[in-house]
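# Give the three-dimensional model of this entry:
(2 chains)
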Number of protein chains: 2
Amino acid sequence: MSHRVMNFFPGPATLPLAALERAREELLDFDGTGMSIMEHSHRGAAYEGVHREALSLLRELIGIGDDHHVLLLQGGARQQFAMLPYNLLPDGATADYVLTGNWSLQARSEAEKLGANARVAASTEAEGFVRVPTQDELDLDPSAAYLHITSNNTLYGTQWATYPDTGDVPLLADMTSDLLSRPLDVSRFAAFYAGAQKNVGPSGVTVVVIRKDLVEKARTDRPAVWRYQSFVDKDSLWNTPPTFAIYMLRNTLAALKEWGGAEGLEKRNREKAELLYGFLDEHGEFFRSPVEKASRSTMNAVFRLPSEDLEKRFVAEAAEKDMVGLKGHRKVGGIRVSMYNAVERAWIERLLEFMSDFKGKHG
Amino acid sequence: MSHRVMNFFPGPATLPLAALERAREELLDFDGTGMSIMEHSHRGAAYEGVHREALSLLRELIGIGDDHHVLLLQGGARQQFAMLPYNLLPDGATADYVLTGNWSLQARSEAEKLGANARVAASTEAEGFVRVPTQDELDLDPSAAYLHITSNNTLYGTQWATYPDTGDVPLLADMTSDLLSRPLDVSRFAAFYAGAQKNVGPSGVTVVVIRKDLVEKARTDRPAVWRYQSFVDKDSLWNTPPTFAIYMLRNTLAALKEWGGAEGLEKRNREKAELLYGFLDEHGEFFRSPVEKASRSTMNAVFRLPSEDLEKRFVAEAAEKDMVGLKGHRKVGGIRVSMYNAVERAWIERLLEFMSDFKGKHG
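This is a model prediction of the structure:
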């Protein structure tokens, strides 16, 4: 029995134990082939089976139909920040961005580097990103090539509870930190994408879901490696994929299916979040949550303690009790509890006991 | 004891057993931290130690000094085909390409997609890529921004024995299939790069070595994710790296160091290649090697049998004897024996016994 801690890191993050144990079991000999899955050719049947299972589990668990392609790419969300405008924007086109934190700022910045007119359709920056905008705050440009949002903001602990209505303008979403954490109406999105390393696997593979007509209309005057069409044509086997990361994505998705898929995960994630936010509300004079309630994230809860010194002690004392990864992002400070799919409810309960004790000692 | 076969796949390829066993041993609990290395934050000390060790092992084993940056990127050689011209070519600039096979054709094609004047400085395409050009065949443009070569051609089984002299023109090389297979005079190269999945690790991480002045002079009007400068500034921790692939790169490099580094690997690889090519020369009426002797690759040996039917039988009968991955690339046909760093000399000996028997039965 390996020693295992309670991992609250914001990503890369904890994985289902079953996914890791499966990998360990067959690390030197995958499925009786006498090779590690890492040593298999991406053109062989053994790897291809894993690859296609990962794709079909994504379709099944997220509920993706025939209107969308599912792609497995490299480069993380950052690469999508650039690839989406590089493929989808004609010269001189306008795109709308909703700014709700660091990652949406970065996404817009890449579009601007490509010469796009990247409009701000809404921003909560002036308020310190403590919430996402409401529908009536959106200044939509009906001629925009798309509107881009970040569905969950890891640094600031905010999340869209309901997605914006953009009319006929295609809606794109960076879902890196909440993909498959709850059911999704895929038909609302022209495209969404996620680095796997928070809710669905390890780092090194990016899930991209994109409507077929967007790929068909995309620019052709781009290098093949930066065109969606290349990967669409070959089921993401156009070049050598990150085979082990995709294998771990498969293992993780198989475990998440056992946990009830999107519905089961939403229940699990909601329960964890309700426990934690309930506690914060009860002890708001010591654990101050800056986030507006309607925008609270079920994935990342951020809060402050009465002093930075206490915050340091909190992180250190929690680590002594095997609760790790609780330090807030350097741009925000404070404490951040990341509660992705593989975080156990029991860990949150254990954390609340610790928080209660900590307040008793220092409050 | 796991069942293990003799893996001659062209990449992803066999890995040192010690590198895999190390991974299995600590898959659920890295270095007593209670987490898999996959579950560690890329901003934490545990992962950062692995990351920096991978970088320093690359510097040590390849012999990279202060003139060059070493970067760990994503996207494989394909991404470098585009990233190099995208960063290094001013508008209207000319770059030289030497065409020695499929990958150099692809590299040139990406530069052309970016609007570059990608000249052909030499090509052996008319001869079916059975050799690399000689120095006096090179039609060099002294004003070219760079000259690009593919150091080893996996499909055609050719390799540069000595690298071309390009005068003052920066020399760039795709070394995906022979990085660290032999000692290298790094000072000859402005940049070289390799997907890790043949000689130094699993797929999902790309090693890029680039002279500092090239990065300094590179274009700034590009998205951050496609600029070398972003990764230089943060020691390849600018965004979430493919952490497990880099961990396996580290494990593999540590094993290659035990095997004597570049000098030890050259000896090992030369011995394997001499055994195999010696056998082919002796039995040339049955096993026909199309490659010119001066261009023979120590990494991939290709040969034909008297008929396609015999080639199919060869691959199938070898697989029955636990020798896998011997089928030639679909564009070339025939047999290909890939003999990367982790392929054991004993496997080549075993293969030659099989080839001898096969010829006895069918020759």
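# hey, let's count contacts and neighbours off CA atoms from now on
OK.
# and the residue of the stretch 251-363 of chain A nearest chain B?
Here the stretch 251-363 of chain A gets closest to chain B at one residue, residue A:325, 8.0 Å apart by CA to the nearest CA.
# Confirm residue A:172 sits in a strand?
Yes - counting by DSSP: H, G, I helix; E, B strand; the rest coil, residue A:172 is part of a strand.
# ok, back up a step: which pLDDT value does the model give the residue of the stretch 251-363 of chain A closest to chain B?
The model reports residue A:325 with a pLDDT of 97.
# Could you check what's spatially nearest to it, not counting adjacent residues?
Among residues not flanking residue A:325 along the chain, residue A:9 sits closest, at 4.1 Å (CA to CA, 6 or more residues apart in numbering or on different chains).
# and the gap between the one you found and residue B:241?
Residue A:9 sits at a distance of 15 Å from residue B:241 (criterion: CA to CA, to the nearest Å).
# Those two: which is more packed in?
residue A:9 (28 against 22; other CA atoms under 10 Å in any protein chain shown).
# That one and residue B:239: what is the separation?
According to CA to CA, residue A:9 stands 16 Å off from residue B:239.
# same deal with residue A:152?
Residue A:152 is 18 Å from residue B:239, by CA to CA.
# And residue A:291, by the same measure?
26 Å.
# What residues does the stretch 101-250 of chain A have near chain B?
A:109-111, A:113-114, A:202-205, A:221-226, A:239-245 (CA under 8 Å from any CA of the partner chain).
# The residues you listed, buried ones only, as a ChimeraX selection?
The following ChimeraX line selects those of these that are buried, judged by 16 or more other CA atoms under 10 Å in any protein chain shown:
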select /A:109,110,111,113,114,202,203,204,205,222,223,224,225,226,239,240,241,242,243,244,245
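# Which of the residues of the stretch 101-250 of chain A next to chain B fall within helices?
Judged by DSSP state H, helices contain the following of those: A:109-111, A:113, A:243-245.
# need the residues you listed in a markdown table with pLDDT, can you?
Shown next, in a markdown table, are those (pLDDT from 0 to 100):
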| residue | pLDDT |
| --- | --- |
| A:109 | 98 |
| A:110 | 98 |
| A:111 | 98 |
| A:113 | 97 |
| A:243 | 98 |
| A:244 | 98 |
| A:245 | 98 |
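# Adding distance to residue B:255 as columns, could you present the residues you listed in JSON lines?
Shown next, in JSON lines, are those (distance: CA to CA, whole Å):
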{"residue": "A:109", "distance to residue B:255": "42"}
{"residue": "A:110", "distance to residue B:255": "40"}
{"residue": "A:111", "distance to residue B:255": "43"}
{"residue": "A:113", "distance to residue B:255": "42"}
{"residue": "A:243", "distance to residue B:255": "21"}
{"residue": "A:244", "distance to residue B:255": "20"}
{"residue": "A:245", "distance to residue B:255": "22"}
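# Going by distance to residue A:75, which of the residues you listed wins?
Ranked by distance to residue A:75 (CA to CA), these are led by residue A:245 at 12.3 Å.
# Show the contacting residues for that closest one.
By CA atoms under 8 Å, 6 or more residues apart in numbering or on different chains, residue A:245 lies in contact with A:201-205, B:204, B:244.
# biggest separation within these, which pair?
Every pair of those checked by CA to CA; the farthest is A:201 and B:204, at 14.1 Å.
# Give me the neighbour count for the nearest residue to residue A:99 once chain neighbours are set aside.
Nearest residue to residue A:99 in three dimensions, chain neighbours excluded: residue A:123, at 4.5 Å (CA to CA, 6+ apart). Using other CA under 10 Å, residue A:123 is surrounded by 21 other residues.
# Might one say that residue A:123 is in contact with residue A:131?
No - using CA atoms under 8 Å, residue A:123 is not in contact with residue A:131; the gap is 9.6 Å.
# Find the residues that touch each one of the two.
Shared contacts of residue A:123 and residue A:131, defined by CA under 8 Å, 6+ apart, comprise residue A:100.
# circling back to that earlier point, tell me which residues touch the residue nearest to residue A:99, please.
A:98-100, A:133.
# Kindly report the same for residue A:58.
By CA under 8 Å, 6+ apart, the neighbours of residue A:58 are A:64, A:70, A:253.
# What strand or helix carries the residue lying closest to residue A:227 once chain neighbours are set aside?
Leaving aside its chain neighbours, residue A:227 sits nearest to residue A:87 (6.5 Å; criterion: CA to CA, 6+ apart). According to DSSP states H and E, residue A:87 maps onto helix A:76-88.
# Show me what that helix is packed up against.
helix A:102-113, strand A:191-195 (3 or more CA pairs under 8 Å, 6 or more residues apart in numbering or on different chains; DSSP states H and E).
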